[in-house]
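Enquirer: Here's my sequence, what's the structure:
(2 chains, ligands or ions: 5)
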Amino acid sequence: METIFKIAIVGSGPAGLSAAARAAELGLPHILLEAEAHLSNTIYRYQKGKFVMAEPSVLPLRSPISFAAGRREQILETWNIEARGHRINHRLHAEVTAISGGRWAFSLTLADGEVIAAEHVVLAIGLQGNIRKLGCPGDDAEFVQYQLDDPDAYQNEQIVVVGAGDAAIENALALSGHNQVTIINRRGEFDRAKGANNAAILKAIETGGVRCIYNAEVAAVEQTPRANPPGVLALNTATGEAHVPCHRIIGRLGATPPRKFVESCGVHFPSADPTSLPAVSATYESNVPGLYIIGALAGFPLIKQAMNQGYEVVEFIEGHDVAPADEPLLRQKFRTLPGFRDVNAALQLIQQRVPVLAPLTLLQLREFMLDSEIRTPAPGEVIFERNDYTDSFYSIVDGDAEVEFELEGQPRTVKLGAGEFFGEMSLISGRRRSATVRAGHGCVLVETPRRAMNKLIHSVAAVKRVVDEAFLRRAIESGIAPDVPHEALAELAATANLLSFKAGDVLFKEGDASDGVYLIRRGSATISRTMAGREVVLAYVTAGQSVGEMSLMSDTPRSATVRAAVALEAIRLAPAPFRGLLVRYPAVRGRMHEQFRQRVAQNIDAQRQSERGGIIGFLMAQGVGEATDVLLIDESLCVRCDQCEKACTDTHGGVSRLDREAGPTYQNLHVPTSCRHCEHPHCMKDCPPDAIRRSPGGEVYITDACIGCGNCERNCPYGVIHMGVETKSQPSLWRWLVFGGREPGTEGPKVHKDVAKKAAKCDMCKGLPGGPACVRACPTGAALRVSPESLLRATRKA
Amino acid sequence: MRQPLPIANPAFKRHESFLVHQRFLYLKVSLALCAAALFAYFYDDPAGARSGNSLTGYSLGVLSALLILQLAWMGIRKRRYRSRLGTVRGWASAHVYLGLSLALIAGLHCAFQFGWNVHSLAYILLLLVIASGVYGTVVYGGTPAQITANRGLLTREAMIIELEQLNEQSLRVADAVNPEVHRRLLHSISHAHIGGGLRTQVFGPEAARFEEEAVSTVQFMASQIAGMEHAAQKAEQARGLMDLLAQRQDLAERINRDIRLHARMQVWLYLHVPLTCALLAAVIAHITSVFLYR
Ligand SMILES: Cc1cc2nc3c(=O)[nH]c(=O)nc-3n(C[C@H](O)[C@H](O)[C@H](O)COP(=O)(O)OP(=O)(O)OC[C@H]3O[C@@H](n4cnc5c(N)ncnc54)[C@H](O)[C@@H]3O)c2cc1C
Ligand code: HEM
Ligand code: SF4
Ligand code: SF4
Ligand code: SF4
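Expert: Ligands and ions are numbered 1, 2, ... in the order given. Model prediction:
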């Protein structure tokens, strides 16, 4: 009879390794299965020499395996030694392809067909997924690689890069300086890549810097040891077979996300959103009894958290009741909660009081609270100010809060009581706060940062529904019909649809029949009209505004085309109930008429200045539609002195966050490569320590918690983040004047390789009392920072 | 001088050139200073001729010295990137207008009495600094838009890369045409480099030489084609090569112009700043001598 393991652990990242070590320590029959040829593949794949950080620093480590901040190599070596020391029973090259059965009787099938039996399964496969191989005979040959650490390590080689995404393009371009590079694209375009990469590769192909074979499938990798170069890549192309001789093949085909595999094990994902993760209980058990999920896959994206969970999950399986390692952190948090006794009671209290949090599992709630803060503001204290750019979400646990906003110049207040929440408007729209909120009596709040709230919305469908409904109700109330009783809005709200559009999608076209009013809740759009056979942009509308009421009111076809400038979400209100509302409520009707009148006037104005339309079109194409603040240079004034860059370098530790020359120009308007402080910053998307934040002034900045993983650099579509090392020393102006040496405004000396690189981006000089140094240093007035709204939106009072 | 951006929006009004800064605030200040100086000069009518030795003369002298210090401080303020003392744009605006007013104020200070001495040397240096400043301001006004127009959508780096690629491409074609053409082209390419230090940029950039090479290569090719009437296929290739060479010549011209325009905006500062240093020295000498040998 084959052995039945008490615990089978799948994946040997920090989570799995720590679990296996604890199981070994307790003497439990266990097996650790790892798909790759080495332990901890995610860490293994970090860049050579990467400095790995141990965030969050306040969290204690609880694991038989040690971990402290240090170089990748050093950490991997320590783990290998300790894995041996603990006599972990592990197997490499053991990819698990299927898990079936239930508690006490799981069978795990490996890629080679072998089946392993276990009583419990711990799934710790992380989120990186499995690297897609070329998928043809010979794809594991020695000269085939799936990663490129240092492009400069290769010279005068013939190199084939397979893939058409950002990684493939970046590798191909980086290698093309010293090598002959061919890029293989399965399709006819590079449109999956970022705009800048797409343009760069097309340019390189056109000018011969990189050769490209389009519409080609990889057929085989052949070794030709006696020939030079020693390999050949065989391809099936549209015109028949092709053979590309090469020294090296670099496959950049991305990774298969682990979701499909996890679902095939019977685990549910709460929503279709790609960021959604399986829900697990307080003991990390999934909906499949006996199958536990820990680490990044369970929603804990840092190494230390993953290691702690590895320890805890084994304890839970053994039936021990251990307090999670983060218990002290929670206790610390709850200390400000009036009448606090113990953590579990406090969690229960919050869940009882705040209905929107009721559907959370205990673990989700713990995590949610770890990310959140408890606030007990004094009566009258301002929680946030109207026009602030903050985006956290507040739930009222006790007491009340007052929302103050303006309606047609008249101040109004609304009271919110315990159990209600606020702040969802800016969270969803990414725009300024539309109201000021003050604390009432005995106010106790849970303040949740944007990322934690978004994570929750994407992982618990019920939370999403409640938040969406509240948004809809409040948007209609504040934007269209503030003076209409709730009940009268019910019909309108019931027929409302939430629609999503990609950049460039059309909401509705000129000449279409009206299908309702669109309330934009996130993103921005351009309004254009065909004139003399050409589409001319007339205006730009942002989240919080509505479009489409013109044709509804005048009962005519659409007079203009509305196109999403960036990813956009809109609420469509059906025509019939909307018209009903207009008939019954003259005030609403009056407001709509006024807006209608202004739009018409505006459009006539805009048509007269068709130049302006060209500029709006250009700026939209540069992503200014999602910016809150953008650096522009009027090239007719710019004397190319680079004072702006020098100012940035000097005030930011010798690393400039701005590249003046790069970037497109239209007429004399130049958009340099510099952060646009997006409404929904793409850079925030995947930051493991949540180090990218937005301050009330709107500045998107990076805190010291940055671990240098480079995700933000990849995620920013505008290429404005770079990894760098700031210097503390600042050159002295007088020393330079008298003795020479380093001039203020020049880059610092090259730093030692051992220092941790961190992400550097524009912080809008929020630490400097004078404001943006780049703009203040420009001698001619060419550089300016503006919000696109003040630049593009025609002034409108309603 | 500059065309405003074609955006009719109040937000853009905040954006103005250093010459217009705050509705010509410093122009007004300078004019007021000049008027006050003129008034003092003509109102005060000491016995004997007017000179720097009178009370008015001294006052105007002190004012001039302070203005010179303020103007020279531009070099400091420009590099104090954290400074909150106005913006560099405001400083540049004040610099230009106050600098111009100095020509008059300093002249009134010495009552336009000149001779072969250190005092007049200071004034002449002052005029030279001002003249170079005026030249610089004019250059700042016109050149930027020319650079943008010349570049089209390319950066300098992109133009150079494209030129290199055109070189390679034309070499390949030339190889197919005939060895003589190839040799000629190779020579032309290997003898031309772009860029170089400031000296080369000012005194005949190497790109200029490249441009010459490019022109002569095109002419040479034209003569080659003329001699190829009978070999149809060769002539076809040669015409293709001509196209490439024409593109190459055009690009070389643009790069060259780009370098020249950039240099033009910086080079005058290499006069303006040393002259400023000389001026400061002369002014110190002037003041010391006035107090020592009175
Ligand atoms: C570039 C980068 C830099 C980072 N820097 C830091 C940092 O400095 N500090 C920090 O705290 N965090 C950092 N992180 C985050 C950290 O790497 C992850 O949080 C951590 O690795 C998650 O651990 P895990 O055990 O859950 O999963 P992983 O580490 O992803 O491990 C999963 C393992 O499972 C294996 N596997 C997957 N599928 C199967 C299968 N079907 N069968 C068998 N085995 C399988 C994989 O090969 C892999 O070895 C960084 C992340 C990235 C991408
Ligand atoms: C006594 C008179 C003047 C003195 C001492 C003086 C001195 C200086 C100094 C020290 C700088 C800084 C250069 C650097 O560090 O790069 C400067 C820059 C400059 N000066 Fe003058 N200057 C004088 C008059 C003028 C006048 C009359 C004009 C114009 C009409 C002028 C126009 C400029 C301009 C345009 C700059 C460049 C600003 C920049 O690009 O940062 N100057 N001057
Ligand atoms: S770094 Fe990029 S994604 Fe992030 S706010 Fe700036 S422009 Fe937007
Ligand atoms: S605002 Fe500050 S940080 Fe941003 S580019 Fe300008 S100088 Fe740099
Ligand atoms: S500081 Fe102003 S003039 Fe100088 S390079 Fe920058 S934008 Fe151009």
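
Enquirer: Just say helix, strand or coil for the residue nearest the centre of chain B.
Expert: For chain B, B:Met265 is the residue whose C-alpha lies nearest the centre (Cα atoms, centre = their mean; 2.5 Å). When the structure is reduced to helix, strand and coil (DSSP: H, G, I helix; E, B strand; the rest coil), B:Met265 reads as helix.

Enquirer: Okay, it and chain A: tell me how far apart.
Expert: As defined by Cβ to the nearest Cβ, to the nearest Å, B:Met265 lies at a distance of 5 Å from chain A. To be clear about C-beta, it is placed using only N, CA and C from the backbone, and glycine gets the same treatment.

Enquirer: Now do the contacts for that residue.
Expert: B:Met265 sits next to A:639-641, B:139-140, B:143-144 when contact means Cβ atoms under 8 Å, 6 or more residues apart in numbering or on different chains.

Enquirer: likewise A:Arg186?
Expert: For A:Arg186, counting by Cβ under 8 Å, 6+ apart, the contacting residues are A:164, A:215-217.

Enquirer: hey, where'd the helices end up in chain B?
Expert: B:21-43, B:55-72, B:74-77, B:88-109, B:118-151, B:156-177, B:179-190, B:198-202, B:206-226, B:232-267, B:269-292 (DSSP state H).

Enquirer: which one of those is the most hemmed in?
Expert: Across the helices of chain B, averaging neighbours per residue (mean count of other Cβ atoms under 10 Å in any protein chain shown) puts helix B:88-109 on top, at a mean of 22.

Enquirer: From B:Gln169, how far off is B:Gln219?
Expert: 20 Å (Cβ to Cβ, to the nearest Å).

Enquirer: Low-confidence bits of the chain, can you list those?
Expert: Picking chain A for this. For chain A, the stretches with pLDDT under 70 are A:1, A:608-612, A:750-754, A:792-798.

Enquirer: Sorry, I should have been clearer: chain B.
Expert: Counting by pLDDT under 70, chain B has low-confidence residues at B:1-14, B:45-52, B:191-211, B:225-232, B:294.

Enquirer: that older thread, let me know the closest of the contacts of B:Met265 to A:Ser524.
Expert: Ranking the contacts of B:Met265 by separation from A:Ser524, with Cβ to Cβ as the measure, puts B:Pro144 on top at 30.7 Å.

Enquirer: these two touch, right, that closest one and A:Ile633?
Expert: No: with the criterion set as Cβ atoms under 8 Å, B:Pro144 and A:Ile633 do not qualify as a contacting pair; they are 9.8 Å apart.

Enquirer: what touches both of those two?
Expert: Common contact partners of B:Pro144 and A:Ile633 (Cβ under 8 Å, 6+ apart): A:Ala782.

Enquirer: how about the closest residue to ligand 2 within chain A, what does it touch?
Expert: Per Cβ to the nearest ligand atom, A:Pro779 is where chain A lies closest to ligand 2, at 3.9 Å. Applying Cβ under 8 Å, 6+ apart, we find A:Pro779 in contact with A:639, A:641, A:643, B:18, B:78, B:88-89, B:91-92.

Enquirer: Ok, A:Ala219 next?
Expert: Contacts here follow Cβ under 8 Å, 6+ apart; on that basis A:Ala219 touches A:136, A:234-236, A:241.

Enquirer: among the contacts of A:Pro779, which two are most distant?
Expert: Based on Cβ to Cβ, the longest span within the contacts of A:Pro779 runs between A:Val639 and B:Trp91 and measures 14.6 Å.
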